[in-house]
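**Student:** Model the following, please.
(chains A, B, C and D)
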2 protein chains.
Amino acid sequence: MDSRRDYGQFCGLAAGLNIVGERWTFLILRELLFAPMRFNGLLENLPGIGPNLLAARLRMLTEHKVIEQLAVPGDSRGRQYKLSEVGEQLRTPVLGLAKWGLQFLTEADSKKVVRDEWGFLAIQSMIIEEHIPADVSEVYEFRVGDHCFTIEVDHATVEFRSGSAPLPDLTISCDAYTFISIGAGMLTPFDAIVTGDVKVDGDPEVIHRCTRMLGLAG
Amino acid sequence: MDSRRDYGQFCGLAAGLNIVGERWTFLILRELLFAPMRFNGLLENLPGIGPNLLAARLRMLTEHKVIEQLAVPGDSRGRQYKLSEVGEQLRTPVLGLAKWGLQFLTEADSKKVVRDEWGFLAIQSMIIEEHIPADVSEVYEFRVGDHCFTIEVDHATVEFRSGSAPLPDLTISCDAYTFISIGAGMLTPFDAIVTGDVKVDGDPEVIHRCTRMLGLAG
DNA sequence: CCGGATCCGTAACGATACTG
DNA sequence: CAGTATCGTTACGGATCCGG
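**Tutor:** This is a model prediction of the structure:
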């Protein structure tokens, strides 16, 4: 730890930021929230970072056991990076920051890069704890662009997965841009359905529980 | 927004970090979580930042309406900075980061700077939502160093205040270093009480509810 | 091709001095 | 008190190169 860049404070926030507070680090962690990823995958998904800086960040995160290296099955030279248990604990605060930041997006940001995973990130971040359906157990499938994601609700607890669900109670299809725009308040769910940008398939009761959970219904 | 430093991604997390992701910004927000503060106050409490950088950060935060300027009553040239409604929304994610970072503190960090407010920050961050006492309404007073802080629990909701409470149901006294050490797992509450570093005064039932809320009891 | 390391120009940071 | 100005140092961003 370089003493010039260490905040030098006996405080949890400062100690945490000494590790994950540098430029790009939160975005690296965001990528790993969905699945393990290899070096060049991260490099592609984070345009502008440069290989030297990515290597430095991954080294820092590995040293502090926030991430771990994995072998890639079927590729002996390949390495994957995945969140450790400690890194996984950052999911909630990172989702909180992601939700907070949504309100700063405007039409002017439309030309920026988008990825399907970030659309699902927005969906995850919008979940209101108190509005998670209780007393039911059901599965929502989100088709964001050409990627599939699954949310499982089971008696007031919720779990996320990458990939499709066998028998979803609800299927919502849209592209990442559309869903992030909804989260940013640039587009209402009603308009998005009318224009066909969002397609919803499921029982009205289920739809209501899901949209309420995401803060999109009265 | 400088295009070199803008992440250029249509993503809530990236948009948020464009504003609060730079060095020192989260620590400035941390200071303002407790009370409005003036320029030189922030300068003192954030050793190492330098007035030019602090001014730049405050300008960025003000431009995006995360903080606001206030006049200081009785001092016409004085200015105070306080969190706006948007800035206040960062409380939960910041507390989440603060809690996460506690686990990285070690004995080696003992020589670092500490402030009483950071002790209370640790206390706030340790609160477990699901363990907030339901069906009771009571007040805990924390005397951290020579500062007083109050936590009001009222039927599964919780509120923080700087300052003393009129008739607390529970009073806990310690210095900031001790409480942060407990949060970091460097010290058990039992040991701290035995050595006299922590003094607790209140009904055993109340003590149990409070320590359970803070994740310090079985 | 994957996983980096090296090098270099530019932008940001850190410390001090100075001003309304 | 609340900043601005200046300047040396560090980090970042982009390109290229290298070993397996």
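**Student:** just so I have it, where are all the helices in chain A?
**Tutor:** Secondary structure of chain A (DSSP state H): helices located at A:12-20, A:25-32, A:39-45, A:51-63, A:85-88, A:91-102, A:116-126, A:176-183, A:189-194, A:204-213.
**Student:** tell me which residues in the fourth one are buried?
**Tutor:** To tie it back to what came earlier, the one meant is helix A:51-63. Within helix A:51-63, the residues scored as buried using 16 or more other C-beta atoms under 10 Å in any protein chain shown are A:54, A:57-58, A:60-61. Where you see a C-beta, it was placed from the backbone N, CA and C, and this is true even at glycine.
**Student:** tell me the contacts of the most centrally placed residue in chain A?
**Tutor:** Compute the mean C-alpha point of chain A, and by C-alpha atoms, centre = their mean the closest residue is A:Leu121, 2.9 Å away. For A:Leu121, the contact set (C-beta atoms under 8 Å, 6 or more residues apart in numbering or on different chains) comprises A:30, A:33-34, A:95, A:98, B:11-13.
**Student:** Which pLDDT value goes with it?
**Tutor:** Note on A:Leu121: pLDDT of 98.
**Student:** so how far is A:Ala98 from it?
**Tutor:** According to C-beta to C-beta, to the nearest Å, A:Leu121 and A:Ala98 sit 6 Å apart.
**Student:** residues bridging contact with these two, i.e. touching both?
**Tutor:** With C-beta under 8 Å, 6+ apart as the test, A:Leu121 and A:Ala98 both reach A:30, B:11-13.
**Student:** now for these, which pair is the farthest apart?
**Tutor:** A:Arg30 and B:Gly12 (9.9 Å; C-beta to C-beta).
**Student:** Could you name every residue contacting both of the two?
**Tutor:** Common neighbours of A:Arg30 and B:Gly12 (C-beta under 8 Å, 6+ apart) are A:98, A:118, A:121.
**Student:** How many residues are close by the closest residue in space to A:Ala55 that isn't next to it in sequence?
**Tutor:** Leaving out its chain neighbours, the residue that sits closest to A:Ala55 by C-beta to C-beta, 6 or more residues apart in numbering or on different chains is A:Phe39, at 7.7 Å. A:Phe39 has 15 neighbours, counted by other C-beta atoms under 10 Å in any protein chain shown.
**Student:** now do A:Ala217
**Tutor:** A:Ala217: 13 neighbours (other C-beta under 10 Å).
**Student:** which residues touch stretch A:187-207?
**Tutor:** Contacts for stretch A:187-207 (C-beta under 8 Å, 6+ apart): A:138, A:140, A:168-175, A:178-179, A:181-182, A:210-211, A:216.
**Student:** who's in contact with stretch A:92-107?
**Tutor:** A:26, A:29-30, A:33, A:121-122, A:124-126, A:180-181, A:183-186, B:10-19, B:64, B:86, B:89-90, B:92-94, B:96-97, B:100.
**Student:** Pull out the buried members of these.
**Tutor:** By 16+ other C-beta under 10 Å, the contacts of stretch A:92-107 give A:26, A:29-30, A:33, A:121-122, A:124-126, A:180-181, A:183-184, A:186, B:10-19, B:64, B:86, B:90, B:92-94, B:96-97, B:100 as buried.
**Student:** returning to what we had before: can you narrow the buried residues of helix A:51-63 to ones near DNA strand C?
**Tutor:** Among those, the ones lying near DNA strand C by C-beta under 7 Å from any atom of the strand are A:Leu58.
**Student:** Now tabulate the buried residues of helix A:51-63 in CSV and tack on distance to A:Asn45.
**Tutor:** Shown next, in CSV, are those (distance: C-beta to C-beta, whole Å):
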residue, distance to A:Asn45
A:Leu54, 11
A:Arg57, 14
A:Leu58, 14
A:Met60, 19
A:Leu61, 16
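**Student:** wait, which of the buried residues of helix A:51-63 is closest to DNA strand D?
**Tutor:** A:Arg57 (8.2 Å; C-beta to the nearest atom of the strand).
**Student:** what ranges of chain A fall below the confidence cut-off?
**Tutor:** Along chain A, segments meeting pLDDT under 70 span A:1-4, A:218.
**Student:** rerun at 90
**Tutor:** Along chain A, the model assigns pLDDT under 90 to residues A:1-5, A:72-78, A:217-218.
**Student:** Kindly report the residues of it close to DNA strand D.
**Tutor:** A:2, A:4-5, A:22-24, A:48-53, A:56, A:77.
**Student:** And the buried ones among those residues, selectable in ChimeraX?
**Tutor:** Restricted to buried positions by 16+ other C-beta under 10 Å, the ChimeraX selection for those reads:
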select /A:22,24,49
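**Student:** for the residues of chain A next to DNA strand D, which one is nearest B:Ile132?
**Tutor:** Among those, and counting by C-beta to C-beta, the member closest to B:Ile132 is A:Glu22, at 34.0 Å.
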